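Visitor: return atomic coordinates for the entry below.
(2 chains)
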Amino acid sequence: MVNPLQEALRRCTTCGLCLPECPTFLASGLEPESPRGRVQALALGVTEVPDADTFASFWSCLSCGACLDVCPTGVDVVAAYRDARRDRPDGTPRRLRAFLAQQLSDGDPAVRAVGAAALRRAERRPPQPAPPVDGAHDVLVAGDLVPEATIRAAHALARGWGRELRPDLNEHLAGATGFLLDAGLTATHEQHVELFATTCRDLAPGVRLVALDADAWRLADLAVAHGREMVTFPEALAEGGWKPAPPSGTDLVDHALGAPRWAEPLGLHHGGKVATPPSELRHLNGPLVMEAGSVDVLAQLVARLREASAGRTLLTADQRTLARIGSARFYLDLLAGPSPADPAPPC
Amino acid sequence: MTRRGTVAPSVAAAAEDYTRLLGPDRVLSSWVDRELHAYDASLDRGLPDLVVLPRSRADLGPVLRLAREHGLPVVMRGAGTGYSGGAVPVRGGVVVSTRDLDRILELDVENLTVRCEPGVVLHRLQQAVSEHGLRYLPDPSSHRVCTIGGNIAENAGGPHALGHGPTSNFVVAVRVLMADGQVVEFHEDDVLRGGLDMRALIVGSEGTLGVVLDTTLRLVEQPERQRVAIVTFADQDDAVRMVEQVFATGLSPTALDMLTGARMPRVASTLDPSILFIDVEGRAADVEAQTDRLRALAADLGGAADVVRVDEFLQVRAELVKDKVRRMVGLSGFPRYYLFDCVAPRARLRDLMKTLREAADAYGFPLLNTFHAGDGNVHPAPFYDPDVPGHQDRLREFSAHVLRSCAEMGGTLSGEHGIGLEKRDLMEFFYSAPALAAMHAVKTSLDPSFLLNPEKLLPAGSGTPASHRSGVPSGTPAQPLVLDLEDGTLSVSGRTPTFADCAALLDGTPFELAYQPIGLGPDDSVLAAIDQGLPGLREPRAPRARDLVLACALEQHGRRVEFGTTCAKDVSGYEMRKLVFGGRGRLGELASVVVRLTAGPTDTETLRVTCGSAEDASDLVESLRKSGLPLGLLAAIRTETEHLVLAEVRAFGASLGTDRRRFHDLVAGPRRLVDRVSDSAAWDMVPRGLVSYARVEEEVDPLGHEPACWLPWQRGVWRSSSALGAATLAARDHGLAEAVRATW
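Guide: Presented below is the predicted three-dimensional model:
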């Protein structure tokens, strides 16, 4: 089996084509905050250094994958870092802590929520006492920016398949099925890891994770690493007996929905008339960056997605695509029929 | 590798001083930060002692002063995407990041210039000017991240260097902090006023002569139409044949790039095709005519052509290159490539491709080439495995072998990557000992203590030349004029050949010599005009006369020194050949030059308009400027008795069509007399002996009462009223000229 870290080190030619694609490099203008810098730091064995402050950039990679797309030789920094960081769960450096603290005072509400949780972990406060978790139920994992209508739709669908969702599991991972808001869409990848590790640790064995949207689905690999299975929401629905009719009036689906584990239970493989946007736009499904330097790149990508979806109906699992592209529809809205609050009953 | 090694006391003291100057966040001295500034895109490495991030241009003076005081060399760094080790601090010292010197200072839409700081990212500049319908054309593949400072240091090129030239052609002025702390602005007009074209010397000097504080760059207008023909050939040599035919038939693409099929060692052929990308831009009718001819040419040669819009092209090319590289990684099992830069005369491109295939077989490296075929500027990319012992040494042998072959073919050592560390030891294969000594003299004259980017560009030590060859044949050429139709060059030796001689020689070929010096006429000496540095009547529209000089030979005391080749792209060492334009004998007597020829027009109309008054002439110039007509020449001229406007419209590919009528309608006026004249007759109407140049801004009435010539795009006026140039400029450049001459 190929070791992603070794493979990244072997492939990087230090050409620097990744630099302008990297949100953290654009925000900082610093080599250590670039994919090339990160790979070279790995080559130096920085990750073996006990003090993570020696190379704070180790934690600031957003795992958005934009660098992989542009890299001629296909250096996968995300994969390389995922392994390296997994081995160092407690290494949150001072610089990141300062960033999180700042977000608590002047970040937007969504970031504040995430920041609080991550900071708690970063400062190694004792975890909140968690009631035992009932292994018979699932946990739904959702991204933030979830529109109220979407939550209602998910509630209704889940109810139809005999599950009751709790509104928010962020603070109390009580033994019931519910939403974990803010997951998957956080300011830094490190926060993903922190939050998700917490979630996975605190859940009883056997509890499955269900991804409601593209952001949450990005955590699937991480879930497996923590011994958890994650399924897509359409898969969960299908297991519950849900047999949706293929959505009509759609000729374009985003990359998450184009993947088999979304497409097949949604019936998207029928007909074969749906397309996905150009592949280089797939990292739009990555986490948002909260710093000004990324705006330019993001704006260009969004403009290209708009162009690609002009005159078409884009079916998406990405909350941000929903916000950016006027013609996009969230897949649940289609499945749930005309009124999200009153979905068609499942079989 | 030493980790967290102890820091020398002198460095620790310097770090303290820099921290006092810039603050702790702007001085990076941890071992990781230093290691992460030890590389660029080349194979070379060099660990800096410190990395500093000045807040503004004002910090650069003190940054340099502290380095001088602590005896630390200074290496400027933009994005670190250079391919020759230019930003690698091979002797340690201070790496100065231009990250925060990133302001676009002034965009002058009227005069088509932009002034900016060195840390501005090229892509950002391109976007900023495109909002005004303008373009900045140098486009290296790293354009999304590389900086203007780096572009100036390396004289960056890119695909469009074929039609418009490299960065140097676009630099109007550059303000430089010299090693001694002085700030000097080098302007393109210096050479018109009696100075040397030091601007051209600074561009491409790899940060070894001064630190760029800011620069003024020339912009060009968007073309009416731009199309890219993507032509696919199963056989590499057929693609090269198409490249040859494109120029032989008088087509004038602005970019002609090629991507070869994958070459696996000792495998005779693969199914992987070679692809040409041919960019044509200009008048809509010309573009359509040229793309039609490209399609026909491709069909004749067995290629498949697809003509696309330019935005599609960029996407297609990026995807193709990436796919080919990734496929190569998968196919060969070699995960990494080493990309370098070599140049052969266009006529020898086929030989260079053969050399590359043979070398790939001999050294056992899978090979892809992605390159600027129209310039003969090839970027071979052999794939290798960094974990295989000896692979990197063999790569260097591979590239040295290819580059020595280029020297034998009359090519250059670098077309756009520069020399840096990577190629300095190969300079001796391309330059004679006196030529290298002259370059050493430039360095020691401007940076005697080797403070700025030491050990770059010039071979280590003095060395003995291993061989000597140059595009200009050694000794006095047998013929005063030698025309090379394959490369599109003309070699001119001695003062005898005139412009009329050149025109006669070029008659019936698809080429022209795009140079009609102001103040001289068809019967004057080409060499004399270049020596005097007289600009052409069509300036500053590309190509400028100064940019046509590809090679030169200088003589002094019976010795001869040569710089340059017949290749259009050459950034090997200091660009000494550029100093002979307006050199006025100061570096030695100009004995010969090789000039670049360009595709001539397929249709042209030149009008001489006698205007009723100076105001009328001025009005006509303005309306022509704004007309959108394909103007090749626009000049306002005052003779002893008349106010004239000379204007010419040109088509490249089609006929002028309705533009001819529009042109005539536009110049017609109640008090104007309009005559059709030939191209050379128009030139003859410029008063002879105009030798004094002044910027228009300094004049109330550009044309005054004396005979004069005003080129509205140039913003300058030529007069016969006074002697050449400002004494201060001559004095400024005197030291350098003396130092160079003293090496003879």
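Visitor: any residues of the stretch 201-347 of chain A in contact with chain B? List them.
Guide: residue A:278 (CB under 8 Å from any CB of the partner chain). Heads up, the C-betas are built off the backbone N, CA and C, glycines and all.
Visitor: low-confidence bits of the stretch 201-347 of chain A, can you list those?
Guide: Filtered on pLDDT under 70, the stretch 201-347 of chain A yields the residue ranges A:201-208, A:215, A:240-250, A:269-273, A:280, A:282-300, A:319-320, A:323-324, A:333-347.
Visitor: same question, the stretch 1-150 of chain A
Guide: A:1-2, A:46-56, A:59-60, A:62-64, A:82-150.
Visitor: who in chain B is up against chain A?
Guide: Residues of chain B lying near chain A (CB under 8 Å from any CB): B:1, B:3, B:30, B:32-33, B:35-37, B:39-41, B:79-81, B:97, B:99-100, B:121, B:123, B:141-142, B:144-145, B:315, B:321-322, B:325-326, B:329, B:335-339, B:385-387.
Visitor: from these, keep the buried residues only.
Guide: The neighbour-count criterion (16 or more other CB atoms under 10 Å in any protein chain shown) marks B:32-33, B:35-37, B:39-41, B:79-81, B:97, B:99-100, B:121, B:123, B:141-142, B:144-145, B:321-322, B:325, B:329, B:335-339, B:386 among those as buried.
Visitor: from those, which land in strands?
Guide: In strands, judged by DSSP state E, the following of those are found: B:97, B:336-337.
Visitor: residue A:31 - how many residues pack around it?
Guide: Residue A:31: 29 surrounding residues under other CB atoms under 10 Å in any protein chain shown.
Visitor: around residue B:395, how many other residues sit close by?
Guide: Quick note: residue B:395 (other CB under 10 Å) scores 21 neighbours.
Visitor: from residue B:584, how far off is the residue nearest to it when sequence neighbours are not counted?
Guide: Computed as CB to CB, 6 or more residues apart in numbering or on different chains, the closest residue to residue B:395 that is not its neighbour in sequence is residue B:338, at 4.9 Å. Going from residue B:338 to residue B:584 by CB to CB, to the nearest Å gives 44 Å.
Visitor: repeat for residue B:130
Guide: 39 Å.
Visitor: neighbour count winner among the two?
Guide: residue B:584 (18 against 13).
Visitor: looks like the more buried one contacts residue B:532 (just checking).
Guide: Yes. Taking CB atoms under 8 Å as the definition, residue B:584 is a contact partner of residue B:532 at 6.6 Å.
Visitor: burial of the nearest residue to residue B:429 once chain neighbours are set aside, as a residue count?
Guide: Among residues not flanking residue B:429 along the chain, residue B:407 sits closest, at 4.4 Å (CB to CB, 6+ apart). When neighbours are defined as other CB under 10 Å, residue B:407 has 23 of them.
Visitor: I'd like the next helix or strand past whichever strand or helix holds residue B:407.
Guide: Per DSSP states H and E, residue B:407 falls inside helix B:391-409. Remark: after helix B:391-409, the chain's next helix or strand is helix B:433-446, criterion DSSP H and E.
Visitor: show the contacting residues for the closest residue to residue A:239 other than its chain neighbours.
Guide: Closest residue in space to residue A:239, ignoring its immediate chain neighbours: residue A:231 at 7.7 Å, by CB to CB, 6+ apart. Counting by CB atoms under 8 Å, 6 or more residues apart in numbering or on different chains, residue A:231 touches A:208-211, A:239, A:261.
Visitor: most neighbours, which of the residues you listed?
Guide: The residue in these with the most neighbours, by other CB under 10 Å, is residue A:211 (29 neighbours).
Visitor: got the phi/psi numbers for that one?
Guide: phi -90, psi 120 (degrees, to the nearest 10).
Visitor: which residue packs closest to it, ignoring adjacent ones?
Guide: Distances taken as CB to CB, 6+ apart place residue A:217 nearest to residue A:211, at 4.1 Å, with adjacent residues excluded.
Visitor: just residue B:675 next, same as before
Guide: residue B:608 (4.7 Å).
Visitor: next, give phi and psi for the one you found.
Guide: According to degrees, to the nearest 10, residue B:608 has phi -110, psi 120.
Visitor: so what's the residue count around it?
Guide: Neighbourhood size, residue B:608 [other CB under 10 Å]: 20.
Visitor: so how far is chain A from it?
Guide: 49 Å (CB to the nearest CB, to the nearest Å).
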